[in-house]
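# one predicted model, sequence on top.
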Amino acid sequence: MNNIEFITFLLAPIGYLGLCANMILATKNRLNKNFMIVTAAVIAVHVFMVWSFRYEWSFAQATRNGYVGFLLFHGALSMIAGSLFVKTKKAKTLLVVSFLVVSLGALGAVFRYDVVSKYRIPVILIALAGLGVLGKSYFDPQKNAATI
């Protein structure tokens, strides 16, 4: 693995961790826009590097495994970017949905591709942390009982 490839794929779990942290903050209504800007920048640089060095700006290369994954990941990227420009309640929705989409892709990638398999444990831990907080936030019986 060369340095460019190493940096490209190291940025992925760093961006994923930032997305998870921002999503958790959003579920607690404590979203920090500056932290989200940094996270979005890390993710954007990762995507730029993948397009530049992995796909060599070839749409055919980017969609070689199908259009669904391509559309889901780029949709998640759009939601992450969009979360910077909307009010906290809408940003929360965008971050939760993008986290779920990215989690599916990231978990699949670390089991399917050798180049990112070394990030399997961190990605699993990030996914579990984020999903755990989401589960607690949305399915907490005490919280739901108080609002009924």
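Structure received. Numbering: from 1, shown residues only.

# where does the protein dip in pLDDT?
141-148 (pLDDT under 70).

# what do you get if the cut-off is 50, keeping everything else the same?
Counting by pLDDT under 50, the chain has low-confidence residues at 145-148.

# and the helices in this structure, which stretches?
Remark: helices assigned in the chain by DSSP state H are 3-27, 33-49, 59-62, 67-82, 88-112, 120-139, 141-147.

# reformat those helices as TSV; add mean neighbour count.
Every residue, glycine included, has its C-beta placed from N, CA and C. Shown next, in TSV, are the helices of the chain (neighbours: other Cβ atoms under 10 Å):
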stretch	mean neighbour count
helix 3-27	19
helix 33-49	17
helix 59-62	12
helix 67-82	16
helix 88-112	18
helix 120-139	15
helix 141-147	8
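
# burial of the closest residue to Phe9 other than its chain neighbours, as a residue count?
Once flanking residues are discounted, Phe9 sits nearest to Val116: 5.3 Å by Cβ to Cβ, 6 or more residues apart in numbering. When neighbours are counted by other Cβ atoms under 10 Å, Val116 registers 18.

# let me know whether Val116 touches Ala12 as I believe.
Yes: assessed by Cβ atoms under 8 Å, Val116 is found in contact with Ala12 at 6.8 Å.

# with Ala129 as the reference, measure out to the closest residue in space to Gly69 that isn't next to it in sequence.
Take Gly69 and drop its neighbours on the chain: the residue closest to it by Cβ to Cβ, 6+ apart is Gly105, 6.6 Å away. For Gly105, the distance to Ala129 (Cβ to Cβ, to the nearest Å) stands at 17 Å.

# need the contact list for the residue nearest to Gly69.
The contact partners of Gly105, by Cβ atoms under 8 Å, 6 or more residues apart in numbering, come to Gly69, Leu72, Phe73, Ala76.

# name the nearest residue to the third one, sequence neighbours excluded.
Excluding its sequence neighbours, the residue lying closest to Phe73 (Cβ to Cβ, 6+ apart) is Gly105, at 5.7 Å.

# do the second one as well
Taking Cβ to Cβ, 6+ apart, and ignoring the residues beside it in sequence, Leu72 has Val101 as its nearest neighbour in space, at 5.3 Å.

# roughly how far apart are the one you found and Phe53?
From Val101 to Phe53 the distance is 23 Å (Cβ to Cβ).
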